[in-house]
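>>> here is a sequence with its predicted model. Questions after.
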Amino acid sequence: MIELLAPAGDLEKLKIALMYGADAVFIGGQNFSLRARASNFTLEDIKNATSFAHQKGKKVYVTTNIIPHQDDLTGVKEYLKALELCQIDAIISASPYIIDMALKHTSLEIHLSTQQSALNSETVKFWHNKGVTRIVLARELDKYQIKDLVSKTNADIEVFIHGGMCMSYSGRCSLSNTMTDRDANRGGCAHSCRWNYELVEDGKKVSNKMFSMSSKDLSALEQIPYLIDAKVFSLKIEGRMKSLHYIATVVSTYRKLIDTYIKRGTIDDFKPYLIELQKAENRPASFGYLEGIPGIEQLLYDKKNEQPSQLFIGLVQDYDEESGIATIEQRNHFEIGQEIEIFNPNGSELSFILDDMTDEDGHPLDVARHPQQILKIKVPFKVEPYAMLRKK
C-alpha cells in the first residue's frame with residue numbers, strides 16, 4: 001500500500017492530518033529543522049505525538065534537515081539519541097554528518113531529504129548502501145524519470161505531490177540569506193521570491209508593473225495514478241505552517257483519490273477532487289516538473305493571484321446527541337440563516353441551514369464575529385470531534 005505523508009506544525013495539526021487520512025506525518029523538532037518559525041515540537045511533544053500516531057497504527061518522522069554550519073554541530077548525537085527514546089519512526093536528513101551520527105549512535109531509520117538533490121539511481125544507490133532506507137527525490141524530475149529511477153533501485157522512494165515549490169534548485173536557496181540574513185537552509189527562509197519587485201535599469205524603473213519570482217504551488221492530483229503504478233513508496237504533502245483546514249482538505253482529497261484508484265484501477269473524473277482542493281487556502285497551483293520542464297504557466301509572477309479562502313468557519317469540539325447541540329471553536333465570520341457544510345474526518349460532507357446559535361453561556365447570537373470564540377449551534381445530525389464547518 002502506498003503511503004500518504006502529511007505535514008504537521010503542531011500536535012493539533014498532527015491529529016488532524018492522521019484523522020483525515022494520512023498514513024504518516026513529518027514534524028519538526030526544536031533543533032536541526034528547516035522551519036524555524038513553525039510551532040516546532042519539544043521532545044515531550046514528539047513523544048506524545050508518536051504515542052498518538054502509533055495507537056492509530058501510523059508513523060511519525062522528524063526533520064533534522066538543516067544544512068549545518070560549524071556552530072550547528074553541537075548536540076547532534078544527544079538530540080538523535082533523545083529522538084530514538086521517543087520511538088519515532090525515522091528522521092529526515094540532508095547532512096552527511098547528521099546521517100553518520102544517526103547510523104553510528106542510534107538505530108533510527110533514516111530518510112534522505114530532498115535538500116540532497118537525489119536525481120539519479122546511482123545517487124539513490126549510494127545513500128541506500130550507506131544505510132539510508134528512503135530517498136526523498138529532488139523535485140526537478142518528471143514522472144517518467146521517477147518511474148525509471150524506481151525500477152533501478154531497491155530503496156523506498158518518496159515524491160512530493162502537493163504544496164509550496166521553492167524557486168531555487170531542490171530548495172537550496174540563498175536569496176533569503178543574502179537579502180535578510182535569514183538562512184533558508186537553516187530554517188529561516190523569508191520567502192524573498194514571493195515579494196514584489198520593480199525592474200530598474202540605470203536607476204530608472206523600466207516598468208510600473210511589480211512582479212514576484214516564485215513558482216506556483218505543486219498539485220499532482222492527475223499524476224497520482226502514474227506514480228502509484230510506478231511503485232513510488234510514499235507521496236508527500238508539503239506545508240507544516242499551513243492551517244488546520246488546509247491540512248484536512250488536502251489530506252482528505254488525496255486519501256479519497258488514492259483509495260479510489262487502488263480499488264477501481266482508474267479515476268473516471270478528476271474534477272470533483274480539483275474542486276475539493278480549491279476549498280483549501282492555497283495559491284495557484286500546477287504540476288511542477290512532473291510533466292516535464294515547467295513553462296511560464298507553472299510560474300507565479302503576480303503575487304496578487306493569491307486567493308485565500310474564508311470557507312473554514314469552525315472546528316467541532318463536542319456534540320451532544322440528546323440535544324443535537326455541537327460545541328465549536330469559531331474561525332471565520334458566519335451568521336444565522338447561512339447554509340453550513342460539515343466536513344468530517346472520514347471525508348463525508350453534510351449540509352444544513354444554521355437556525356440556532358448561542359455563545360458558551362447560552363446567550364443567543366445572530367452573527368459569529370470573534371475568531372476562537374466557543375459557540376453552541378444546533379446540528380440536525382451527529383458530528384464527530386475535529387469535524388470542520390465550512391460556508392457553502
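Cool, got the structure.
>>> okay, now Ser93: neighbour count?
27 (other CB atoms under 10 Å). Backbone N, C-alpha and C define where each C-beta goes, glycine included.
>>> what sits against it?
64-65, 99, 102, 110-113 (CB atoms under 8 Å, 6 or more residues apart in numbering).
>>> among those, which lie within strands?
64, 110-112 (DSSP state E).
>>> which one of these sits closest to Gly265?
His111 (29.2 Å; CB to CB).
>>> does that closest one really touch His128, like I thought?
No - in this structure His111 lies outside contact range of His128 using CB atoms under 8 Å: 11.2 Å.
>>> okay, and the common contacts of the two?
In contact with both His111 and His128: Ile135, using CB under 8 Å, 6+ apart.
>>> neighbour count for those two, which is higher?
His111 (28 against 18).
>>> which ChimeraX command selects the buried ones in the ones in strands among the contacts of Ser93?
With 16 or more other CB atoms under 10 Å as the burial test, the buried ones among those are selected in ChimeraX as follows:
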select :64,110,111,112
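>>> so can I have JSON lines of the ones in strands among the contacts of Ser93 showing distance to Phe32?
Shown next, in JSON lines, are those (distance: CB to CB, whole Å):
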{"residue": "Thr64", "distance to Phe32": "4"}
{"residue": "Ile110", "distance to Phe32": "13"}
{"residue": "His111", "distance to Phe32": "14"}
{"residue": "Leu112", "distance to Phe32": "15"}
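>>> can you redo the ones in strands among the contacts of Ser93 as a markdown table with pLDDT and distance to Lys376?
Below are the ones in strands among the contacts of Ser93 laid out as a markdown table (pLDDT from 0 to 100; distance: CB to CB, whole Å):
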| residue | pLDDT | distance to Lys376 |
| --- | --- | --- |
| Thr64 | 92 | 44 |
| Ile110 | 98 | 48 |
| His111 | 98 | 44 |
| Leu112 | 97 | 49 |
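>>> tell me the one of the ones in strands among the contacts of Ser93 nearest Arg283?
Closest to Arg283, out of all of the ones in strands among the contacts of Ser93 and judged by CB to CB, is His111, at 26.8 Å.
>>> neighbours around the nearest residue to that closest one once chain neighbours are set aside, how many?
Take His111 and drop its neighbours on the chain: the residue closest to it by CB to CB, 6 or more residues apart in numbering is Arg134, 4.1 Å away. Number of residues near Arg134 (other CB under 10 Å) recorded here: 21.
>>> how about Arg134, what does it touch?
Arg134 neighbours (CB under 8 Å, 6+ apart): 90, 109-112, 155-158, 233-234.
>>> tell me the bridge partners for it.
For Arg134, the beta-bridge partners are His111, Asp156 (DSSP bridges).
>>> cool, and Phe41?
Here Phe41, judged by DSSP bridges, has bridge partners Gly29.
>>> who's in contact with it?
Here Phe41 is in contact with 10-11, 27-30, 49, 62 (CB under 8 Å, 6+ apart).
>>> which members of those are classed as buried?
10-11, 27-29, 49, 62.
>>> which of the ones in strands among the contacts of Ser93 lies closest to Ile262?
Using CB to CB, the ones in strands among the contacts of Ser93 come closest to Ile262 at His111, 23.2 Å.
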